[in-house]
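[1] sequence and predicted model, in that order:
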Amino acid sequence: MRLPRTHSIAQIEGITVFRRGLSTRADEFNSLISEVKSKKHLSEKDSVKPLSGTSFVAKDNIAFPQGYTTCASKALSNYRSPFKATVIQSLEDAGSDLIGKANLDEFGMGSSNVESYFGAVINPAFANEKRIAGGSSGGSAAAVRSEASTFALGTDTGGSVRLPAAYTGVIGFKPTYGRVSRWGVIPYAQTLDTVGILARDIGVVKQVFNAIDQHDEKDVTSIPEEIRSDWSGLPKLADMKNTTVGVPEEFLVEELSGYSRQVWYDTLNSLRKLGCTIKQVNIPQIEKSLSAYYTIVSAEAASNLSRYDGVRYGFNSTDKPGTVHDIISRNRSSSFGQEVQRRIILGNYTLSSESGDHYLKATEVRKMLVKELNQVFSTQHMLFSDDKPSSSGCDVLISPTYTSIPCTLDEYHNMNEENFLNNYINDILTVPASLAGVPAISVPYQKQNTPEAKIPEAIQIIAQHGNDEFLLDFTKELMMRF
Amino acid sequence: MMIRICKAIRYQPCFHYSTKVGQTLASEKDLKSYLEKSMWKVADLVSHKQSDLDKIKIDDKVIEKTLKCSGLEASQSDPNGKKKLISSLKAQMCFVQHLYEDSEPSKMKDENKNNTIFRLIASDHKPQDPLTLEKLMSDIEKLQYSVNASKGEEENSINIETLNGKASYFTLEPKKTDTL
């Protein structure tokens, strides 16, 4: 099947905006950092490949040898990668064209896409006010929403694809950890980082996933072929009405807005009327998931970002002489943003002997969360053959994607100044799926007879480890019916 | 009307709180009343009493050490930079303490073993055949034929013999010891 191109390349080049001054017109949403001029695949007119005729943008923490791969950081603002990420290669092989590198929170650290060296991304879903697009893949989401490309690649560490997708009213899919290669993806927290897909159409999401869902020997975290072959025996979606949907009690948080609850209710009630079984479930570790998540990501970020010294590559401030330590500290202090520096310091302190063994404890919580989910789902986790699934368990879990609507840029700055931990609150609904490495998708919700909903709302659907196909099929059915 | 269930009550032994697939929400009424509840408040995780913050001992010395470990300088432009960092670290530590709620003290004495770190990597949970010396030697033999250009590897791009003397940091030289 050949997918329709949303815009011609000429149109795209006209409407996108590039921070490096390469464009002739302004990108009103600041969604892209740079353009990619290679149009190699356009010359392949006669070949019909699964993604022929489509275009995509990739978050700028995914390496591509042409131009720069900046991670939206001053530290890598002059960095040219010698590598091409496997995921980009796979998409090019499938016939799609990379047309730009998308804005993000610096190194993926944030839920707003305000913390970028190249400026904040503005949410295209709000016509007359400057609201955050969500992060950290806010540029990818804004590019898809504004129809600059057919789809976009983002990375999801704790919700970084799903949250901006929900805030901008597009689909955001985080596959099972290890299904899509991370080779060439600049690491933030390597035990959680997952490449995700953003698009306006669920059919596109499925086709893109098919193109990038493969084992990669260059990525040590890539799920091997032996386990992938086991997935062929997983149940397929036969009929929606035979589906059991779980509703985690721990997602019933006081911060959930009335509107989010209404959307949650409407979705579940529609499924109930269709014949689905709706069950309440308890997953106690969800309440510790935020503390576990931020302990793990801070520690891993501190380790991963220690490589950026500005000596071998990256931003170098060579104006003053000094010792090696002085030069490196000066380079790093003048090139990392405030949020990145804070997380590095928090991570190193968390790992220090003064602080305690919090990283270990956080991974224990993570293990318990996976065990609890194995008791809730009706299918087996392929990495844990000892955990037998519950015959009365659930096929999917459903919740809202976020607790409250995207704030304005001013509100964001005020909230952050008051207590930087406040920004963690909205992650409570997305972080558990990341910690457990299970697939999750955010689907825009639009109530029938309200075609121009003012505020994008979204529903999150979570499935068992490896059940990505079931999740996508369920989502497609859901979107077709409601 | 929102109903918030007190966390303290939920954790009492008579209200055993564990993983479970609960009852079916069969009617509109069941569903509505279930979704109207609020079980807890996320903001409680990130708000702390001053007395809790005061219990955490982080001083200038710790900050200086952490900055040095992080390869960062104290902010020159902000005289209160260190105070802000101390405040951030204390808040983060209070937040991290929620990991230990309602859990028994760890029984492990040697907590830093690598195999105690939980990861979602297939080889951690589905171990393959153990690596033998023969397999290792065989892999080394094959190494020169497995050059992968996409990883930036180039065949014969490094001649280890020419590195000696020119760039001594590439190779280890035997330590010179005084002879008796």
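    Good, I have the coordinates. Numbers count the residues shown, from 1 in each chain, chains lettered A, B, ... in the order given.
[2] got the contact list for A:Asp93?
    A:49, A:211 (Cβ atoms under 8 Å, 6 or more residues apart in numbering or on different chains). Using the backbone N, CA and C atoms, a C-beta is placed for each residue, glycine as well.
[3] scratch that, A:His325 is what I was asking about
    Residues counted as contacts of A:His325 (Cβ under 8 Å, 6+ apart) are B:68, B:71.
[4] tell me the secondary structure for it?
    helix (DSSP: H, G, I helix; E, B strand; the rest coil).
[5] hey, which helix or strand in the chain has the poorest pLDDT?
    No chain in the question, so chain A it is. Across the helices and strands of chain A, mean confidence by mean pLDDT, DSSP states H and E is lowest for helix A:9-15: a mean of 32.
[6] the intended chain is chain B.
    Ranking every helix and strand in chain B by mean pLDDT, DSSP H and E puts helix B:7-10 at the bottom, with a mean of 46.
[7] now the element after the helix or strand containing A:Tyr167, going C-ward?
    Using DSSP states H and E, A:Tyr167 sits in helix A:162-168. With elements assigned by DSSP H and E, the helix or strand that comes after helix A:162-168 is strand A:171-174.
[8] now do the helices in the chain.
    Here I'm looking at chain A. Here chain A has its helices, by DSSP state H, at A:9-15, A:86-93, A:138-145, A:162-168, A:202-212, A:225-230, A:258-274, A:286-304, A:324-335, A:338-351, A:358-376, A:409-418, A:431-436, A:468-481.
[9] not quite, go with chain B.
    Assigned by DSSP H, chain B shows helices spanning B:7-10, B:28-36, B:43-46, B:50-55, B:60-69, B:81-96, B:122-125, B:133-143, B:160-163.
[10] mean neighbour count and distance to chain A added to those helices, as a markdown table?
    Output for the helices of chain B, formatted as a markdown table (neighbours: other Cβ atoms under 10 Å in any protein chain shown; distance: least, Cβ to the nearest Cβ, whole Å):
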| stretch | mean neighbour count | distance to chain A |
| --- | --- | --- |
| helix B:7-10 | 12 | 8 |
| helix B:28-36 | 15 | 5 |
| helix B:43-46 | 18 | 4 |
| helix B:50-55 | 10 | 12 |
| helix B:60-69 | 16 | 5 |
| helix B:81-96 | 19 | 5 |
| helix B:122-125 | 15 | 4 |
| helix B:133-143 | 9 | 13 |
| helix B:160-163 | 10 | 17 |
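[11] mean pLDDT lowest for which of these?
    Note on those: lowest mean pLDDT is at helix B:7-10, with a mean of 46.
[12] so A:Ile212 sits against A:Arg182, correct?
    No: using Cβ atoms under 8 Å, A:Ile212 makes no contact with A:Arg182, being 11.1 Å away.
[13] which neighbours do those two have in common?
    A:Val195.
[14] show me the shaky parts of chain A.
    A:1-26, A:38-47, A:319, A:418, A:447-454 (pLDDT under 70).
[15] ok, now with 50
    Scanning chain A for pLDDT under 50 picks out A:1-26, A:449, A:451.
[16] what's near enough to touch the closest residue to A:Ser378 other than its chain neighbours?
    Among residues not flanking A:Ser378 along the chain, A:Gly393 sits closest, at 3.7 Å (Cβ to Cβ, 6 or more residues apart in numbering or on different chains). With contact set as Cβ under 8 Å, 6+ apart, A:Gly393 has these partners: A:244, A:246, A:375-379, B:21.
[17] ok, so of these, who is nearest A:Pro187?
    For the contacts of A:Gly393, the closest approach to A:Pro187 (Cβ to Cβ) belongs to A:Phe377, at 28.5 Å.
[18] right, and the closest one touches A:Gln464 too?
    Yes: taking Cβ under 8 Å as the definition, A:Phe377 is a contact partner of A:Gln464 at 4.0 Å.
[19] intersection of neighbour lists for the two?
    Contacts common to A:Phe377 and A:Gln464, judged by Cβ under 8 Å, 6+ apart, are A:Pro389.
[20] ok, now how distant is A:Gln446 from A:Trp183?
    Applying Cβ to Cβ, to the nearest Å, the value for A:Gln446 to A:Trp183 is 37 Å.
[21] now A:Phe173
    Distance, A:Phe173 to A:Trp183, by Cβ to Cβ: 20 Å.
[22] which one of those two is surrounded by more residues?
    A:Phe173 (29 against 20; other Cβ atoms under 10 Å in any protein chain shown).
[23] so who does the more buried one touch?
    A:161, A:196-198, A:205, A:209, A:439-442, A:472.
[24] do that again at 10 Å, thanks
    A:154, A:156, A:161-162, A:165, A:194, A:196-199, A:202, A:205-206, A:208-209, A:439-443, A:461, A:468, A:471-472, A:475 (Cβ atoms under 10 Å, 6 or more residues apart in numbering or on different chains).
[25] list the contacts for B:Ala91?
    A:346, A:419-421, B:46-48, B:52-53, B:56.
[26] let's have these in TSV, adding distance to B:Lys68.
    Output for the contacts of B:Ala91, formatted as TSV (distance: Cβ to Cβ, whole Å):
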residue	distance to B:Lys68
A:Leu346	15
A:Asn419	27
A:Phe420	22
A:Leu421	25
B:Val46	28
B:Ser47	31
B:His48	27
B:Asp52	28
B:Leu53	24
B:Ile56	20
